[in-house]
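S.K.: kindly return the folded structure for what I paste below:
(chains A and B)
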Amino acid sequence: MNSLRTRFAPSPTGYLHVGGIRTALFAWLLARQQNGKFILRIEDTDKDREVEGSTQHIIKCLISLGLDYDEGPNQPGPYGPYRQSERLSIYRSYAETLIKLGRAYADPYSKAELANFRRQAAKQGSPFLYRNHRPSSPPDWKYGSLPLRFKSDPKAYRWQDEVMGNLSAGEEAIDDFILIKSDGFPTYNFAHIVDDYEMKITHIIRGQEFIASTPNYLNLYEALNITRPLFVTPPPVLGPSGNKKLSKRDGAKDVLEYIKQGYLEAALLNFIASLGWNDGTTQEIYTVDELIKSFSLKRIVKSGARFDERRLLWMSGAHIRMLSTEELTKRAKSFWPKEAIGYPEEYKIRVLSLVQERLKFLAEIPSLTRFFFVDLPLDPSLIDNNPKLSAIGKPELKKLLGIALDSLAQSDFSLGDLQSNLNSLLDVTGQPPGILFSLIRIASTQAPASPPLAESLKLLGKERTLKRIKQQIGAL
RNA sequence: GGCCCCUUCGUCUAGCGGUCUAGGACUCCGGGUUCUCAGUCCGGCAAUCGCGGGUUCGAAUCCCGCAGGGGUCACCA
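M.R.: The predicted structure is shown next:
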């Protein structure tokens, strides 16, 4: 029985973008691979920044991606509750222990005074350290009025990170940070340490922004005399344009948006995992199961990975092509154009299998398939913009279509018969396929692109095909 | 500014002292696939491995400097 436990601990301040999901994904992959547990913990200790409904939004996103959690807000477990706002008494008792140990004290300074200290430090070009201003006789701490600070024991640290390797920092990285805010809520710095310990988390997977404060955490673990989980720090995911960390501010999309556009979860996970991780082989496309099997902390790279949507697009198409017809049909359900209403399931399945290999994401279905369901209005530009066709001239095109119409009227519209019918048209007219087939394709679909001609006509059916060709003839 | 981390094709990456005149994938470009789009197959462009010094018979790989980038220095997480 493996006791590995990982957690994803977002704060409910909005949606999740690719960077956030990657952290969750790595934690989830590790847990699933090692038969451990994946815990979702909501870090809602900042009432001001909290965004209404975002917890539900985050959960929806995780579940849509298949990142299911074993313990969490609506998934009871032995170490709940899993919302920090519901664990206030736990933090308070840890805080009181620290006070008894002489390792925490009330912060008497006003915000203005603090700001002043900070200004001074900035003026000297040195980093601000609260402990340089540690009050000699701090007042008693009253819960819910004054902030409580950690009384640090500054020293240099060296530590192991499962990804970054050996890390170190001098004592200047250690400070008297706030444990409990004046509103009685704990800070992240305090709450996550208590929770990870209480919830028996074995691996903390989190972004690089926490490396700088790790020495503080180490100091606190010592003060509390508790063992720390392993640290796993993947590199940042960078924005597409440059070298900044991917952020909502710079337009990072809600991952749920990709789901809504019909990017497959497997493709999304495959792509996100490949940002900063590889298994050392040349394999690019992974199913979720393969990801679980191959994942390894040891193979997470150290440098930041840029988010490139083109690669995602390619992967998404690749995953769609791997789908069975049944699976694709199931997933396509909510993406049909409204014109498809009323068509039998069997017909839609045939349409789908014709466009499957052309799809990059499911939201493309309507534009690719609409002509299979409804007669599109005649689009003269389709012929005008085709250099070969427009060179021939309308009267001649009209004549050609007339011949095609008569010939196709003889066909039973089975695939084989259509094929030979079209081929013989080539002989009869003496035209190359580039002209004849283009013409028929445009006439019968009125779409800029479509699957191969014979297949399309067969699916369209004789009646509709002939009707559309007649219409085109009338317009020429 | 202090501290910490990172640095191989445009992008994601392989690479752990010789098999690297640096491999794969995406993108892009050319060609085949009886029409279009996509797919697929074949081919091509693309990194003197951030720069400068060492160590070594030999360095993308080890060491030292420098530069660039990122992170952090909140009663945010």
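S.K.: need the distance between the two termini of stretch A:358-378.
M.R.: For stretch A:358-378, the separation between the terminal residues is 24 Å (Cα to Cα, to the nearest Å).
S.K.: residues of it that come out buried?
M.R.: A:358-362, A:364-365, A:368-373, A:378 (16 or more other Cβ atoms under 10 Å). For the C-beta atoms, the positions are set from N, CA and C on the backbone; glycine is no exception.
S.K.: over to residue A:186: give its phi and psi.
M.R.: phi -80, psi 160 (degrees, to the nearest 10).
S.K.: for the one 4 residues further on, same thing?
M.R.: Torsion angles at residue A:190 (phi, psi; degrees, to the nearest 10) stand at phi -90, psi -50.
S.K.: what's near enough to touch it?
M.R.: Residue A:190 sits next to A:91, A:94, A:95, A:150, A:177, A:178, A:179, A:180, A:220 when contact means Cβ atoms under 8 Å, 6 or more residues apart in numbering.
S.K.: around RNA strand B, pick out the residues from the stretch 51-200 of chain A.
M.R.: Counting by Cβ under 7 Å from any atom of the strand, the residues of the stretch 51-200 of chain A close to RNA strand B are A:107, A:110-111, A:114, A:118, A:125-129, A:146-147, A:164-170, A:172-173, A:178, A:181-183, A:185, A:187-189, A:192.
S.K.: restricted to buried residues, select these in ChimeraX.
M.R.: Only the buried entries of these go into this ChimeraX selection, using 16+ other Cβ under 10 Å:
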select /A:107,129,146,147,164,169,173,178,181,182,185,187,188,189,192
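S.K.: and the strands in the stretch 151-300 of chain A?
M.R.: A:157-161, A:165-169, A:178-180, A:203-205, A:230-232, A:237-238 (DSSP state E, counting those that start in this stretch).
S.K.: distance of the residue of chain A most remote from its centre relative to residue A:395?
M.R.: Among the C-alpha atoms of chain A, the one most distant from their mean position (Cα atoms, centre = their mean) is that of residue A:428, at 54.7 Å. When distance is defined by Cβ to Cβ, to the nearest Å, residue A:428 is 18 Å away from residue A:395.
S.K.: quick one: low-confidence parts of chain A?
M.R.: Chain A contains residues with pLDDT under 70 at A:1-2, A:242-243.
S.K.: coming back round to it: the residue farthest from the centre of chain A and residue A:403 touch, don't they?
M.R.: Yes - if you go by Cβ atoms under 8 Å, residue A:428 and residue A:403 touch, sitting 6.5 Å apart.
S.K.: can I get the strand or helix carrying residue A:355 in CSV? Just the C-alpha atoms.
M.R.: Using DSSP states H and E, residue A:355 sits within helix A:345-355. Taking C-alpha atoms only, helix A:345-355 is exported to CSV below (Å, rounded to 0.1, in the frame of the first residue of the first chain):
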residue,chain,number,x,y,z
GLU,A,345,-28.1,9.4,-36.2
GLU,A,346,-26.8,7.1,-38.8
TYR,A,347,-26.5,9.9,-41.3
LYS,A,348,-24.6,12.1,-38.9
ILE,A,349,-22.2,9.3,-38.1
ARG,A,350,-21.4,9.0,-41.8
VAL,A,351,-20.8,12.7,-42.0
LEU,A,352,-18.5,12.6,-39.0
SER,A,353,-16.4,9.8,-40.4
LEU,A,354,-15.9,11.9,-43.5
VAL,A,355,-14.7,14.9,-41.6
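S.K.: now tell me what touches that helix from outside.
M.R.: With contacts defined as Cβ under 8 Å, 6+ apart, helix A:345-355 is touched by A:325, A:328-329, A:332, A:336, A:340, A:365, A:368-369, A:372-373, A:451, A:455-456, A:459.
S.K.: go through that helix and flag the buried ones.
M.R.: Under the neighbour-count criterion of 16+ other Cβ under 10 Å, helix A:345-355 has A:348, A:351, A:352, A:354, A:355 buried.
S.K.: equivalent analysis for stretch A:94-102, please.
M.R.: Of all the residues in stretch A:94-102, those buried under the rule 16+ other Cβ under 10 Å are A:94, A:95, A:98, A:99.
S.K.: now those residues as JSON lines including distance to residue A:308?
M.R.: JSON lines is the format used below for the buried residues of stretch A:94-102 (distance: Cβ to Cβ, whole Å):
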{"residue": "A:94", "distance to residue A:308": "44"}
{"residue": "A:95", "distance to residue A:308": "45"}
{"residue": "A:98", "distance to residue A:308": "46"}
{"residue": "A:99", "distance to residue A:308": "51"}
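S.K.: what would those residues look like in a markdown table with secondary structure?
M.R.: Shown next, in a markdown table, are the buried residues of stretch A:94-102 (DSSP: H, G, I helix; E, B strand; the rest coil):
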| residue | secondary structure |
| --- | --- |
| A:94 | helix |
| A:95 | helix |
| A:98 | helix |
| A:99 | helix |
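S.K.: and the residue nearest to residue A:194 when sequence neighbours are not counted, what is it in contact with?
M.R.: What sits nearest to residue A:194 in space, not counting adjacent residues and going by Cβ to Cβ, 6 or more residues apart in numbering, is residue A:94, at 5.0 Å. Neighbouring residues of residue A:94 by Cβ under 8 Å, 6+ apart: A:190, A:194, A:224.
S.K.: what's the closest of the residues you listed to residue A:81?
M.R.: residue A:194 (13.0 Å; Cβ to Cβ).
S.K.: residue A:90 is in contact with the closest one, correct?
M.R.: Yes - contact status for residue A:194 versus residue A:90: in contact at 6.3 Å, counting by Cβ under 8 Å.
S.K.: looking at these two, which has the bigger crowd around it?
M.R.: When neighbours are counted by other Cβ atoms under 10 Å, residue A:194 and residue A:90 differ, and residue A:194 comes out ahead with 21 against 16.
S.K.: count of residues packed around the residue nearest to residue A:60 when sequence neighbours are not counted?
M.R.: With sequence-adjacent residues excluded and distances taken as Cβ to Cβ, 6+ apart, residue A:60 is closest to residue A:256, at 6.7 Å. Residue A:256 has 19 neighbours, counted by other Cβ under 10 Å.
S.K.: any idea how far residue A:256 lies from residue A:13?
M.R.: Separation of residue A:256 from residue A:13 (Cβ to Cβ): 15 Å.
S.K.: equivalent analysis for residue A:174, please.
M.R.: Here the criterion is Cβ to Cβ. By it, residue A:174 lies 28 Å from residue A:13.
S.K.: which of these two has more neighbours?
M.R.: Neighbour count, other Cβ under 10 Å: between residue A:174 and residue A:13, residue A:174 has more, with 23 against 15.
S.K.: contacting residues for the more buried one?
M.R.: A:131, A:152, A:153, A:154, A:155, A:215, A:216, A:219.
S.K.: of these, just say which sits nearest to residue A:52.
M.R.: When the contacts of residue A:174 are ranked by distance to residue A:52 (Cβ to Cβ), residue A:216 comes first, at 31.5 Å.
S.K.: is stretch A:328-347 in proximity to RNA strand B?
M.R.: No - judged by Cβ under 7 Å from any atom of the strand, stretch A:328-347 stays clear of RNA strand B, getting no closer than 14.1 Å.
S.K.: in that stretch, what counts as buried?
M.R.: Buried residues in stretch A:328-347 (16+ other Cβ under 10 Å): A:328, A:331, A:332, A:335, A:336, A:337, A:339, A:340.
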